[in-house]
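>>> The sequence and its predicted three-dimensional model are supplied below.
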Amino acid sequence: MINFFAHPNALVETKNIGKNTRIWAFSHVLPGASIGEDCNLCDQVFVENDVVIGNRVTIKSGVQLWDGITLENDVFIGPNATFTNDPFPRSKQYPATFSRTVICKGASIGANATILPGLTIGQYAMVGAGTVVTKDVPPFAIVKGNPARITGYIHANNDHSISPVTLDNEFKIDGRLEVKGARLYEMPVIKDLRGSLTFSEYDKSLPFVPQRFFLVFDVPSQEVRGEHAHRECHQFLVCIKGSCFVVLDDGQNRAEVLLNRPNLGIHISPMVWAIEYKYSSDAVLMVLASDVYRAEDYIRDYNQFLNEVKKR
């Protein structure tokens, strides 16, 4: 029994299509393709054999999905977005296997964007119109340009970007953020004719006694640092020169903070995902850590992070 709609002018050769999916005029779906429920394939969409499309996926007109492409649930593909599956294409020459490209749950690809082969676009990421994606895109990231650069992150409710917390020099803070396990600290500033000084005492105003520190500097402004959580280690971040943005994520809520004063710090507890990006050209970020370096303390995969948060 057919429980999907195919326009009379569509050529649908696969039987693996979920209920309530709609395939419109002049689209062509090859026999090996798999399409989930409640999808919408607009006019002039081509779907090759080794393609997996999840549930509630929208594919606008003029899109071709080649072998090796997976679209997970709730993905949006804008008109004329271009996918590729062979990094070195030659006429009449075929690789043993095509590069696997995965667009993760809830991600959106803007009109006329180009996705190079073998990449993963993280869950709920947003790829801007006309963007050329040459590297994996992290979950919740907003990328634009050629090549793609991260310009922001999606809010926890997934319907707009995060508004960064920015503090002017006269603003007094209480330190509270939406993210559990993260807190802002404003340290005192002593000023006189010789300049300014800020300080903090480990056993009084800092939340832990550091066992190591490191500095991050000379970072090209388009690069992203961090993108991990710690299982046990606490961190305290201060941008002692210049500025950078820090995105914090506890698995449910996200916040973004602009560090642009040497007397403003962020305490990041264990099991908080942290990302640092948009460094100014002169930025120097100091990180105090509650433990020595231990590779096993790091969680570098976001899905693993979410799983461990749920277990706790």
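Right, received. Where do you want to start?
>>> all contacts plus neighbour counts: C-alpha atoms, from now on.
Fine.
>>> Give me the neighbour count for D159.
For D159, the neighbour count with other Cα atoms under 10 Å is 9.
>>> got the phi/psi numbers for it?
Main-chain torsions, D159, degrees, to the nearest 10: phi -110, psi 0.
>>> That one and P8, how far apart?
Using Cα to Cα, to the nearest Å, D159 is found at 36 Å from P8.
>>> now do P138
Taken as Cα to Cα, the span from P138 to P8 is 40 Å.
>>> Which one's more surrounded, the two?
P138 (20 against 11).
>>> shouldn't the more buried one be in contact with Y124?
No - using Cα atoms under 8 Å, P138 is not in contact with Y124, being 9.2 Å away.
>>> hey, what's the residue nearest to W273 when sequence neighbours are not counted bridged with?
Leaving aside its chain neighbours, W273 sits nearest to A229 (4.4 Å; criterion: Cα to Cα, 6 or more residues apart in numbering). Beta-bridge partners recorded for A229 (DSSP bridges): I299.
>>> can you check I77 too?
Bridge pairing for I77 - DSSP bridges - gives I59, I109.
>>> Low-confidence regions, the chain specifically.
1, 166-174 (pLDDT under 70).
>>> on that earlier part again, what's the local residue count around the residue nearest to W273?
26.
>>> Also K310?
K310 is flanked by 9 other residues according to other Cα under 10 Å.
>>> Ok, V52 next?
20.
>>> where does it fall, helix, sheet strand or coil?
strand (DSSP: H, G, I helix; E, B strand; the rest coil).
>>> partners of it in the sheet?
Applying DSSP bridges to V52, the residues it is bridged with are S34, T70.
>>> Hmm, it is touching A33, no?
Yes - between V52 and A33 there is a contact at 6.2 Å, judged by Cα under 8 Å.
>>> Looks to me like V309 is in a helix.
Yes - assessed with three-state DSSP, V309 lies in a helix.
>>> what about it, neighbour count?
When neighbours are counted by other Cα under 10 Å, V309 comes out with 15.
>>> who's in contact with it?
D250, G251, M271 (Cα atoms under 8 Å, 6 or more residues apart in numbering).
>>> The closest residue to V247 other than its chain neighbours: which element?
What sits nearest to V247 in space, not counting adjacent residues and going by Cα to Cα, 6+ apart, is E256, at 4.3 Å. Element membership for E256, per DSSP states H and E: strand 254-259.
>>> who touches the very next helix or strand once past that strand?
Later in the chain than strand 254-259, the nearest helix or strand by DSSP H and E is strand 264-268. Residues from elsewhere that reach strand 264-268, judged by Cα under 8 Å, 6+ apart: 181-187, 207, 234-239, 259, 274.
>>> Strand partners (parallel or antiparallel) of strand 264-268?
Assessed with DSSP bridges, strand 264-268 is paired to strand 182-186 (antiparallel), strand 235-241 (antiparallel).
>>> Packing partners of the helix or strand following it?
Using DSSP H and E, the helix or strand that follows strand 264-268 towards the C-terminus is strand 273-277. Strand 273-277 sits against strand 225-230, strand 244-249, with contacts defined as 3 or more Cα pairs under 8 Å, 6 or more residues apart in numbering; DSSP states H and E.
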